[in-house]
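> Sequence and predicted structure are below.
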Amino acid sequence: MSIQETTLTTSKSDLPQGWNPLQSNEEIELRELILVLWRQKLLVLLTAGLFALAGIAYALLAPQVWVSQAEIKSPTLKEVESLELNINQLINAQVPVAAFTAFDKKALYGDFVNNFNSFNNKRQFLLERGYLDAEAAQADVTDPKGKRLLLKKMAEGISAKAPDKLREDVTLSFAAATAGEAKSRLEQYIAFIQHQESAAKGKELYTIWQNRIKTLQTQFESAKADTLKQLQDDILRTEYGLRITQAAGLEAPVQNLQEQGSLPIDLGARALAEKLKILKEIKNPE
């Protein structure tokens, strides 16, 4: 007796219209997943609640950062009126205009922004005002490396940036733990940078003025030396002329004297003697 094996095959034409075996399997898996989640709904709720509590705890316990901002524009003519007056006084003293290119409004504006963003200025401000030490004490940071990292973090919260490239306005920002601290520190830092800028520009003007004084002093000394040399030459020529007139017996001035050369012998001995006396009385021709 033989057993005949029968193989059953199913073609797509035998399935109902719109039925897909793969789609049926996916629907079964989705139903099973929903059933599992439903059975484990308590665990899901607990997990979601745990994450929600963690988020709330982080929001409450994490240190808050407040940022105070101020917008600045290029200085007006009235704001730089005093500086312009000093510059004009120096220009009237024949200081070249090219020496004041660093003092135009655009240059002053750019210098302020650059100095506001300077890490050295930020560090000096935070150290001098004691803000770094206060933050370090609050965060329990005592080692030098930790303080350097804290200083870097605090410095990153101080910035001067333009909102976009098309605008010249710049926004100044200062970050702190509270809104009041951020506002106060921003105002203090702006005043700090303004003082730095004022001192630097005042020093530059003083240097320009001192250089002008040195130039004038050099010119004066040169002119004085030339005058003294000319005086000595006049004295020497007068002495020679006096000797010649005395030898020739010419006591009075002589008219129509020919070939007297560079020596003023036509004045006569008496006049030359008086001229020589006067020339020697000139000690410091200033």
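Arrived safely, thanks for sending.
> Wait, I190 touches Q69, no?
No. Look at I190 against Q69 with C-beta atoms under 8 Å: they stay out of range, at 11.5 Å. Placement of C-beta: from N, CA and C, glycine included.
> who's more crowded, these two?
Legend: neighbour count by other C-beta atoms under 10 Å for I190 and Q69, higher for I190 (17 against 13).
> circling back: now for I190 and Q69: what residues contact both?
Taking C-beta atoms under 8 Å, 6 or more residues apart in numbering as the contact rule, I190 and Q69 both touch L172.
> any chance you could map the helices in the stretch 101-250 of the chain?
Remark: helices assigned in the stretch 101-250 of the chain by DSSP state H, counting those that start in this stretch are 105-117, 119-128, 131-138, 144-156, 179-248.
> following the last one, which helix or strand comes up?
Read it as helix 179-248. For helix 179-248, the following helix or strand on the C-terminal side (DSSP states H and E) is helix 268-281.
> and that following helix, what's its mean pLDDT?
The predicted model assigns helix 268-281 a mean pLDDT of 85.
> who's in contact with it?
231, 234-235, 238-239, 241-242, 245-246, 250-254, 264-265, 267.
> Stretch 150-166 now?
65, 67, 72, 113, 116-117, 119, 122-123, 126, 131-132, 135-136, 139, 141, 168-176, 189.
> so L172 sits right up against Q69, yeah?
Yes. Here L172 reaches Q69: they are 6.5 Å apart, a contact under C-beta under 8 Å.
> which residues are common contacts for those two?
With C-beta under 8 Å, 6+ apart as the test, L172 and Q69 both reach L186.
> Tell me, please, where in this structure the pLDDT is lower than the cut-off.
1-30, 33-46, 53-64, 255-263, 284-286 (pLDDT under 70).
> ok, 50 please
Scanning the chain for pLDDT under 50 picks out 1-22, 59-62.
> Run the chain-centre distance for stretch 195-208.
How far stretch 195-208 lies from its chain's middle: 13 Å, per C-alpha atoms, centre = their mean, to the nearest Å.
> Mind listing residues that contact that stretch?
Residues from elsewhere that reach stretch 195-208 (C-beta under 8 Å, 6+ apart): 83, 86-87, 90, 95, 99-100, 102-103, 108, 111-112, 115, 121.
> Please check the residues you listed and keep the buried ones.
83, 86-87, 90, 95, 99-100, 103, 108, 111-112, 115, 121 (16 or more other C-beta atoms under 10 Å).
> and those as TSV, adding distance to Q194?
Listed next are these as TSV, based on distance: C-beta to C-beta, whole Å:
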residue	distance to Q194
L83	13
N86	17
I87	19
L90	22
V95	25
A99	23
F100	20
F103	15
L108	11
D111	11
F112	8
N115	9
N121	12
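> For those residues, work out which two are farthest apart.
V95 and N121 (29.3 Å; C-beta to C-beta).
> so how many other residues sit close to A155?
For A155, the count of nearby residues is 19 (other C-beta under 10 Å).
> nope, L151 is what I was after
Look at L151: counted by other C-beta under 10 Å, it has 19 neighbours.
> next one: F125
Counted with other C-beta under 10 Å, F125 comes out at 21.
> I figured it hits L186, correct?
No. In this structure, F125 is not within contact of L186 by C-beta under 8 Å, at 11.0 Å.
> which phi and psi does S68 have?
Note on S68: its backbone torsions stand at phi -100, psi 140 [degrees, to the nearest 10].
> Report the contact partners of it.
Applying C-beta under 8 Å, 6+ apart, we find S68 in contact with 173-174, 176, 179, 182-183, 185-186.
> Most neighbours among those, please name it.
Neighbour-wise, these (other C-beta under 10 Å) top out at F174, 25 neighbours.
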